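[1] sequence first, then the predicted structure, then my questions.
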Amino acid sequence: MEDLSFVPDLPSGPLDKYRKTASFDWKRLKLALEGDIELLKLKYKIWQTLEKDPLFAHNTVSPSVEEQKRITQLQLKKINEYKFHTKEMVNSSYSRRTRTIMTINEAVQSLNPSVSVKMAIGIYLFSNALLSLGTERHHKFYEATFVNRETLASFALTEIAHGSDARLMRTTATYDPEHKQFVIHTPDFEAAKCWVGNLGRTCTHTLLFAQLITPDGTNHGLHGFLVPIRNPETLETYPGLIVGDMGEKIGVNGIDNGFIMFNQYRIPRENLLNRTADVTEEGIYESSFSDPSKILGAALENLSAGRIGIMQESCHSIASAVSIAIRYAATRAQFGERDNEISLIEYELHQWRLFGYVAAAVVFRMYIENFSRVYLNIVEKSNAGLKVDNLSEAVSEIHAMVSCSKPLLTWTVLAAAQQCREACGGHGYLKCSNLGDIRSNHEATVTYEGDNNVLSQQTGNWLLRQFDAARNGGTVDSPLNTVTFLKDWERCLAVRFRCRTTDELKTREFITSTYRWLICWLLKETHDKYESEIAKGLSKFEARARSQVYKWRELTKSYAEYLAIIFFLESMDKKEDGLKPVLHKLFCLYGLWSLDQHLVELYQGGYSQGESLARLLRDAILELCAELKGEVVSIVDALAPTDFVLNSVLGKSDGKLYQNIQKAFFSQPGAFERAPWWREVVTLPRSKI
Ligand SMILES: Cc1cc2nc3c(=O)[nH]c(=O)nc-3n(C[C@H](O)[C@H](O)[C@H](O)COP(=O)(O)OP(=O)(O)OC[C@H]3O[C@@H](n4cnc5c(N)ncnc54)[C@H](O)[C@@H]3O)c2cc1C
């Protein structure tokens, strides 16, 4: 067994009562959730290093927005100086290097999400784009960004008037053969690029997406360009640019989101990222794709890694949120007798509100860990020119998986953060509970890198294509095996609910087969609805828009939940035996808790009749909550980062709730002082004037 002594022991205290009842060793579970001991060590090394550095000390009062930007940028610089990205890591295989980058990002995210977003966009997304969209001639920019950390970049796609619909964006890059340059231009404010992270104050370059126009006037669609923005020595923007900071947001204020307008701004021809398409010196357009939308697709596919990063960060946010709420629930008592009050964790209602999210935190973590591994292996093989069976089908399947999983995870984490805040009552509303910051810093993930409601529609497209193939005797293209069952869709749909006891529901067979029924039924419903709209004469776009509510959207959500479940199970089977009983309970709780939200469809589609499905399902959920009560404190010990990183007065691992709150109140700057503005509000009696 691995030596886990580098994970510090937890202090003894009031939480011991519930720690003693756990059936497993929390450090072993921690390792199982991380999936790799070297990466777990790296995380602790980062946390322990940053804890000692005053630049990373927590503030008791929120600094001004400008100050948050300054601190975030300084923190990023310092992280680069610490060189957690060792030479060995830079030179390791693609898959190892990316997993290490992702680990550094996650470790930093738990401490300050603004820094990790800055780093993810400014270094990783940009350098990844240079590798996948650029060629040899862009390698020096890769070196400057990824290896030497001299360049900080940004990613400029969104415009004021167009976000989700990238195709109609209006920034142009017109080729000038005389000077061998592209001329970038913004026709008006509605076409200004906006929301661009790092652009407002700091970035030196941006990866710009603009409509490429050749001298014959042909528009070849959106392409990626490498565009210098600021002098790296003075941080002054170059002439021909109007660049501004977007001001205060409702979260992640350490990031300088900016807008930009280009006034006939010239860049060298070589700054076109030309892996998929190029323009010759004379101005002739050459592409390996015949369809311009495919070029955009290839460019945006690069975002998959970014979306996986968002999912990993979301796993950390939910882990922190539930850790705070569970430790609070175990140490906070309300009602009962004096000296024998009842801890919140004993209440069934409280368990039901929180334990589903604890289960989600564990299932998501193992799902994403397993999925990232599969994804990176495929990319690595394909980059190395090795044969990957059905590569293009695998890429489509991965895109479909990511496009519904990012919505599922980010939405669930947002709901979890809110529930955890409420579960800590008034104290949860304190800034020093950290639940407010976890929630508001997480919130934007449901919108950026693809708005959830729009992004998940792409999963529906792919699922319906596979369903069509299955119905017409064609091939279901699912190299990752996520929907191979569609070949037997009629048999899946013939399954009926037959259980008589809750134990029969607490099984992988019940949960997975019910999900397969649900997906097949929703596919059929969505397909029928879509076809009926087409039959009325609507275009494909209109028919799709008319098939979203209760159909397409439910379908992609169910598929995402199914993915989480099957990838979790595959991972669980490889874990040590001592952890399997608790992991099985968490799996069952997540599966049944999620199915509970689909009861309407299960009845509507005739999967079950009568009251027993709803009754048994809900009884099973409550039984699982009761069974997990003795485990849950140790589960969150495995999920939680160090106390310094968790940064919550309610969630400290010593469980000394009231001592910790007192310390926070008593050390609040100026807490006991008379208000400095007291003179302005006191009305003195006339006689004393
Ligand atoms: C904190 C933050 C950071 C960001 N960073 C960057 C960055 O670095 N670079 C960058 O380029 N962009 C960035 N963005 C922008 C982000 O990518 C866009 O906000 C996102 O793509 C959504 O586009 P939009 O805001 O124009 O929303 P819209 O497309 O206008 O959507 C508004 C609403 O309408 C709904 N909607 C749209 N189309 C449909 C449809 N067909 N059917 C049903 N509903 C629909 C959407 O679901 C959404 O709820 C950032 C945004 C935020 C909040």
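    Done, it's in.

[2] next up, the contacts around whatever residue of the stretch 51-200 of the chain ends up closest to the ligand.
    With C-beta to the nearest ligand atom as the measure, residue 163 is the residue of the stretch 51-200 of the chain nearest to the ligand, at 1.7 Å. For the C-beta atoms, the positions are set from N, CA and C on the backbone; glycine is no exception. Contact analysis of residue 163 by C-beta atoms under 8 Å, 6 or more residues apart in numbering lists 195, 451.

[3] next, it: secondary structure please.
    Three-state call for residue 163 (DSSP: H, G, I helix; E, B strand; the rest coil): coil.

[4] make 670 the starting number, not 1.
    Fine by me, first position is 670 from now on; the one you just mentioned is residue 832.

[5] can you give me phi and psi for it?
    phi -120, psi -70 (degrees, to the nearest 10).

[6] and it, how far is that from residue 1119?
    As judged by C-beta to C-beta, to the nearest Å, residue 832 and residue 1119 stand 10 Å apart.

[7] mutual contacts of the two, please.
    Shared contacts of residue 832 and residue 1119 (C-beta under 8 Å, 6+ apart): none.

[8] pLDDT value on the nearest residue in space to residue 907 that is not next to it in sequence, please?
    Excluding the flanking residues, the one nearest residue 907 by C-beta to C-beta, 6 or more residues apart in numbering is residue 897, at 6.4 Å. Per-residue pLDDT puts residue 897 at 97.

[9] likewise residue 970?
    As predicted, residue 970 sits at a pLDDT of 57.

[10] element containing the residue nearest to residue 826 when sequence neighbours are not counted, please.
    Distances taken as C-beta to C-beta, 6+ apart place residue 878 nearest to residue 826, at 4.7 Å, with adjacent residues excluded. Element membership for residue 878, per DSSP states H and E: strand 874-882.

[11] residues of the following helix or strand past that strand that come out buried?
    Remark: after strand 874-882, the chain's next helix or strand is strand 888-897, criterion DSSP H and E. By neighbour count on 16 or more other C-beta atoms under 10 Å, the buried set for strand 888-897 is 889, 890, 891, 892, 893, 894, 895, 896, 897.

[12] one more: stretch 1126-1144?
    1126, 1127, 1128, 1129, 1130, 1131, 1132, 1133, 1135, 1136, 1138, 1139.

[13] contact partners for the second one?
    Put plainly, it is residue 1127. Applying C-beta under 8 Å, 6+ apart, we find residue 1127 in contact with 1068, 1069, 1072.

[14] same list (the residues you listed) but as CSV, adding secondary structure, neighbour count and pLDDT.
    Formatted as CSV, the contacts of residue 1127 follow (DSSP: H, G, I helix; E, B strand; the rest coil; neighbours: other C-beta atoms under 10 Å; pLDDT from 0 to 100):
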residue, secondary structure, neighbour count, pLDDT
1068, helix, 19, 94
1069, helix, 27, 97
1072, helix, 24, 97
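
[15] for residue 923, helix, strand, or coil?
    Classification of residue 923 using three-state DSSP returns coil.

[16] which parts of the chain belong to which domain?
    The chain breaks down into these structural domains: 821-963, 1128-1300 (assignment by automatic domain parsing).

[17] distance to residue 974 added to these, as CSV?
    Converted to CSV, the domains of the chain look like this (distance: least, C-beta to C-beta, whole Å):
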stretch, distance to residue 974
domain 821-963, 12
domain 1128-1300, 17
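
[18] nearest to residue 698, of those domains?
    For the domains of the chain, proximity to residue 698 was assessed by C-beta to C-beta; domain 1128-1300 is nearest, at 5.8 Å.

[19] who touches stretch 716-728?
    Counting by C-beta under 8 Å, 6+ apart, 740, 743-744, 747-748, 751, 776, 779-781, 1310-1311, 1313-1314, 1316 sit against stretch 716-728.

[20] what does the stretch 770-919 of the chain put close to the ligand?
    Residues of the stretch 770-919 of the chain lying close to the ligand (C-beta under 6 Å from any ligand atom) are 790, 824, 825, 826, 827, 832, 833, 864, 865, 866.

[21] the third one is in contact with residue 878, isn't it?
    Yes - when contacts are counted by C-beta atoms under 8 Å, residue 825 is listed as touching residue 878 (6.7 Å).

[22] quick one: the nearest residue to residue 1112 once chain neighbours are set aside and the ligand, what's the gap?
    Distances taken as C-beta to C-beta, 6+ apart put residue 920 closest to residue 1112, at 5.5 Å, once the chain neighbours are dropped. Going from residue 920 to the ligand by C-beta to the nearest ligand atom, to the nearest Å gives 7 Å.

[23] swap in residue 1231?
    Separation of residue 1231 from the ligand (C-beta to the nearest ligand atom): 23 Å.

[24] give me the contact list for stretch 1005-1016.
    By C-beta under 8 Å, 6+ apart, stretch 1005-1016 touches 687, 995, 997-1004, 1019-1020, 1092, 1298, 1301-1302.

[25] which among the residues you listed count as buried?
    Among the contacts of stretch 1005-1016, those classed as buried by 16+ other C-beta under 10 Å are 687, 995, 997-1001, 1019-1020, 1092, 1298, 1301-1302.

[26] between residue 825 and residue 878, who's got more neighbours?
    Neighbour totals were compared for residue 825 and residue 878, and residue 825 leads with 29 against 25 (other C-beta atoms under 10 Å).

[27] so who does the more buried one touch?
    Here residue 825 is in contact with 862, 865, 868, 875, 876, 877, 878, 896, 929 (criterion: C-beta under 8 Å, 6+ apart).

[28] isn't the third one up against residue 930?
    No - counting by C-beta under 8 Å, residue 868 sits too far from residue 930 to count as a contact (11.7 Å).

[29] higher neighbour count, those two?
    residue 868 (30 against 22).

[30] from residue 1198, how far out is the nearest residue to the more buried one once chain neighbours are set aside?
    Leaving aside its chain neighbours, residue 868 sits nearest to residue 927 (3.3 Å; criterion: C-beta to C-beta, 6+ apart). Going from residue 927 to residue 1198 by C-beta to C-beta gives 42 Å.

[31] higher neighbour count, the two?
    Per other C-beta under 10 Å, whichever of residue 927 and residue 1198 has more neighbours is residue 927, with 27 against 18.

[32] got the phi and psi for the more buried one?
    Per-residue torsions, residue 927: phi -130, psi 170 (degrees, to the nearest 10).

[33] now do residue 1347
    Dihedral pair for residue 1347: phi -60, psi -40, per degrees, to the nearest 10.
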